[in-house]
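Undergrad: Prediction below, plus the sequence it came from.
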Amino acid sequence: MIELDEAPQSPADAPPVTDLPEATTEQLEGRAMQIAARLAARPPSKIGRFFWRSLIALIGFLASVAAWRFVEGLFAANPLLGWVGAGLLGLFVLAALLVAMREIAAFSRLKRLDTVHHEVTQSLQAEDLARARKVSARVSSIYAARKEMDWSRARLAEQAPDQLDVQTLLGLTETTLMEPLDQAVRLEIEAASRTVAATTALVPLALADVGSALIANVRMIRRIAEIYGGRAGSLGSIRLARSVMTHLVATGAVAAGDDLIETVAGGHLAAKLSRRFGEGVVNGALTARVGIAAMEVCRPMPFTALRKPKVTNILSRSLAGLFSREKS
């Protein structure tokens, strides 16, 4: 025997049927960007690092022995072919050395940006005018080889001697040198946000949005470092992206909070059309947040005289035309 609840006397007395909750802006998490950030920020294990290093060493040793035996066989068969093979092997070794030197130079450029950033912060705290002048000159020397920065550097060299205060001098340096670079960086962040948002909204594949977000963010971080004078190589780009993502994951800044989603997607037509479009907007917002964090990491000067860009401002420009707003 199963006792049933007493049925209502009339259909009007029946309780209303509850609909499934719709995909509101508070439920959008930007899952693709969060997964991509965690993948990029995940530190390699010591066992895995040991395995890959030993495997690369073994493959390199076997390839070297095989190449040497191949050249010896050519010499035994025909001395002319042996010299040709030896020359090609020498060219390959030279190219490998050049690539290694390029990676080392890329790491040194990134370290120089970190050093200058630290010196600027210390100069602001110490209130030492002579030290601030040296730091300002060092920031200007980073862009000595770039012709598009000649006018800004000349303007700074003309006005810097008249400044008698540390805050004013470093503020002049920031507004003169960093402002045009910040505008170029904003364009890169907008392009990356647009790419991630469009891929998430339009591509139906499950992991395509995660892969696109990861590639777009690594490329964006590399371009930001290049604009600020720290052009990174392949290994440097991966290390720099891991540093930015690790910082975001550690501080929780990669999580899509309610304030961010309400500002970005509340009242936006994309969030009203489908959940997929809403996720695209949130992933674009998180990409913009990663770009702003990369600015703070790669910028040789902290944000003092100039304001740090906001996610909403970047999104309003990057997604203009991609997701049109509802018109009255």
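TA: Thanks, I have the structure now. Computed from a predicted model, the values in this text were never measured in an experiment. Numbering: from 1, shown residues only.

Undergrad: CA only for contacts and neighbour counts going forward, please
TA: OK.

Undergrad: what's the longest helix in the chain?
TA: helix 79-126 (DSSP state H).

Undergrad: Kindly spell out which helices and strands sit in contact with it.
TA: helix 46-77, helix 129-142, helix 166-173, helix 234-251, helix 275-298 (3 or more C-alpha pairs under 8 Å, 6 or more residues apart in numbering; DSSP states H and E).

Undergrad: Just put these in JSON lines and tack on distance to Ile104.
TA: JSON lines is the format used below for those (distance: least, C-alpha to C-alpha, whole Å):
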{"stretch": "helix 46-77", "distance to Ile104": "18"}
{"stretch": "helix 129-142", "distance to Ile104": "18"}
{"stretch": "helix 166-173", "distance to Ile104": "29"}
{"stretch": "helix 234-251", "distance to Ile104": "9"}
{"stretch": "helix 275-298", "distance to Ile104": "17"}
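
Undergrad: Let me know which of those helices is tucked in deepest.
TA: Among those, ranked by average contacts under mean count of other C-alpha atoms under 10 Å, first place goes to helix 275-298 (a mean of 26).

Undergrad: tell me the angle of whatever helix or strand comes next after that one relative to helix 275-298?
TA: Once the chain leaves helix 275-298, the next helix or strand it forms, by DSSP states H and E, is helix 311-318. For helix 311-318 against helix 275-298, the angle by axes from the mean of the first three to the mean of the last three C-alpha atoms, to 10 degrees is 120 degrees.

Undergrad: pLDDT on helix 311-318, on average?
TA: Helix 311-318 shows a mean pLDDT of 79.

Undergrad: Buried residues in that helix, which are they?
TA: Val311, Thr312, Ile314, Leu315, Arg317, Ser318 (16 or more other C-alpha atoms under 10 Å).

Undergrad: Serialize these to TSV and add fields for distance to Lys46.
TA: Output for those, formatted as TSV (distance: C-alpha to C-alpha, whole Å):
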residue	distance to Lys46
Val311	36
Thr312	40
Ile314	39
Leu315	39
Arg317	43
Ser318	40
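
Undergrad: Out of those residues, which is nearest to Val282?
TA: For these, the closest approach to Val282 (C-alpha to C-alpha) belongs to Leu315, at 9.8 Å.

Undergrad: how far away is Arg131 from Thr176?
TA: Using C-alpha to C-alpha, to the nearest Å, we find Arg131 at a distance of 19 Å from Thr176.

Undergrad: ditto for Thr304
TA: Distance of Thr304 to Thr176, computed by C-alpha to C-alpha: 13 Å.

Undergrad: More neighbours: which of those two?
TA: Thr176 (19 against 13; other C-alpha atoms under 10 Å).
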